[in-house]
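Participant: okay, predicted coordinates and the sequence, questions at the end:
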Amino acid sequence: MPYGGAVSRRPVAAIVPAAGSGERLGAGVPKAMALLAGEPILVHAVRGLVAEPRVGLVVLACPQGLEASMATAATAVAGTVPVVAVTGGAARADSVRLALDVVPDAVDVVLVHDAARCLVPSHVIGAVIDAVLAGAPAVVPGLPVVDTIRAVDPAGGSRTLDRSALRAVQTPQGFPADVLRRAHATGDPGATDDAGMVEALGLAVALVPGDPQAFKVTTPQDLLLAEALLAAAGGRGEEGP
């Protein structure tokens, strides 16, 4: 059922898939609820999203049974921006689709942001929204690839790819709401990337510059790096006020 409350500020909704188990992180709780500088990773992610003044709604896709606790944690830092929690699905695409079901029709732009990219700077979020509002059907932030990448063929051989033409994709990814709905209505339910689902519709995906701080917290080493960045920045980095 669509969310029926008022959307504050301008009509940009942010969907946060946060139903992952976080096994590789080894925190003993779902990754989004693992503590970073004394707060759940989810809280840092939401704080960064609502620091962008055009975000007027946050929708969380949560593990079953944690909807209320995650919504409470996120609401504490969301200010006047409403937070809605839904039960996530078995796969990431399922979680996004279930979250989309509660986004009001009045919303023009939808961001999809991994909770694990909890330190994304506000300028990246703003650049994604700007590009969608300028007419792009899908927008992703990306960074140049610094490692040498080899593609492996079925016979066991490999070849070096031209890394100058490669980008490592981050989130939030941004879309016109109607485009994202169409992609999830017709796309691959096993897809791990919303921009790829939109691309499968024959639409172009625009790139905006990403940021090294928007890395994904996946392993204990990533968590240590995030802790160090927050400590160096005085606790909250560029997430917001």
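Facilitator: It's in.

Participant: residues contacting Leu166?
Facilitator: By Cβ atoms under 8 Å, 6 or more residues apart in numbering, the contact list for Leu166 reads Pro144, Val145, Ile149. C-betas here are computed from N, CA, C, even on glycine.

Participant: the strands in this protein, which residues?
Facilitator: For the chain, the strands defined by DSSP state E cover 12-17, 35-36, 39-40, 55-62, 83-87, 109-112, 139-144, 150-152, 158-160, 167-169, 173-176, 206-209.

Participant: which parts of the protein are helices?
Facilitator: Ranges of helices within the chain are 41-50, 67-78, 92-100, 122-133, 177-186, 194-199, 220-232, based on DSSP state H.

Participant: any idea of the angle the third one forms with strand 55-62?
Facilitator: In terms of direction (axes from the mean of the first three to the mean of the last three Cα atoms, to 10 degrees), helix 92-100 departs from strand 55-62 by 130 degrees.

Participant: looking at the chain, which residue lies furthest from center?
Facilitator: Residue distances from the centre of the chain (Cα atoms, centre = their mean) peak at Ala155, which lies 35.7 Å from the mean C-alpha position.

Participant: let's see stretch 206-214 as PDB, backbone CA atoms only.
Facilitator: Taking Å, rounded to 0.1, in the frame of the first residue of the first chain, the C-alpha atoms of stretch 206-214 are listed here in PDB:
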ATOM      1  CA  ALA A 206      24.600   8.700 -17.000                       C
ATOM      2  CA  LEU A 207      27.700   8.900 -14.800                       C
ATOM      3  CA  VAL A 208      28.600  11.600 -12.300                       C
ATOM      4  CA  PRO A 209      31.800  11.700 -10.300                       C
ATOM      5  CA  GLY A 210      31.800   9.400  -7.200                       C
ATOM      6  CA  ASP A 211      33.900   9.800  -4.100                       C
ATOM      7  CA  PRO A 212      36.400   7.500  -2.300                       C
ATOM      8  CA  GLN A 213      34.500   8.100   0.900                       C
ATOM      9  CA  ALA A 214      31.400   6.400  -0.600                       C
END
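
Participant: low-confidence ranges in this structure?
Facilitator: Applying pLDDT under 70 to the chain flags the ranges 1-10, 21-28, 235-241.

Participant: find the centremost residue of it, please.
Facilitator: Centroid-nearest residue in the chain, with Cα atoms, centre = their mean: His113, separated by 1.1 Å.

Participant: next one: that one from Gly48, what distance?
Facilitator: Separation of His113 from Gly48 (Cβ to Cβ, to the nearest Å): 9 Å.

Participant: settle this for me: Val77 is touching Val43, isn't it.
Facilitator: Yes - contact criterion Cβ atoms under 8 Å: Val77 and Val43 qualify, at 5.5 Å.

Participant: quick one, which of these two is more surrounded?
Facilitator: The residue with more neighbours, out of Val77 and Val43, is Val43; 25 against 22, by other Cβ atoms under 10 Å.

Participant: how about the contacts made by the more buried one?
Facilitator: Contacts of Val43 by Cβ under 8 Å, 6+ apart are Ala73, Ala74, Ala76, Val77.

Participant: hmm, try it at 7 Å
Facilitator: Neighbour list for Val43: Ala73, Ala74, Val77 [criterion: Cβ atoms under 7 Å, 6 or more residues apart in numbering].

Participant: look up the closest residue to the last one, ignoring the ones flanking it.
Facilitator: The shortest distance from Val77 to any residue that is not its chain neighbour, by Cβ to Cβ, 6 or more residues apart in numbering, is 4.5 Å, and that residue is Arg47.
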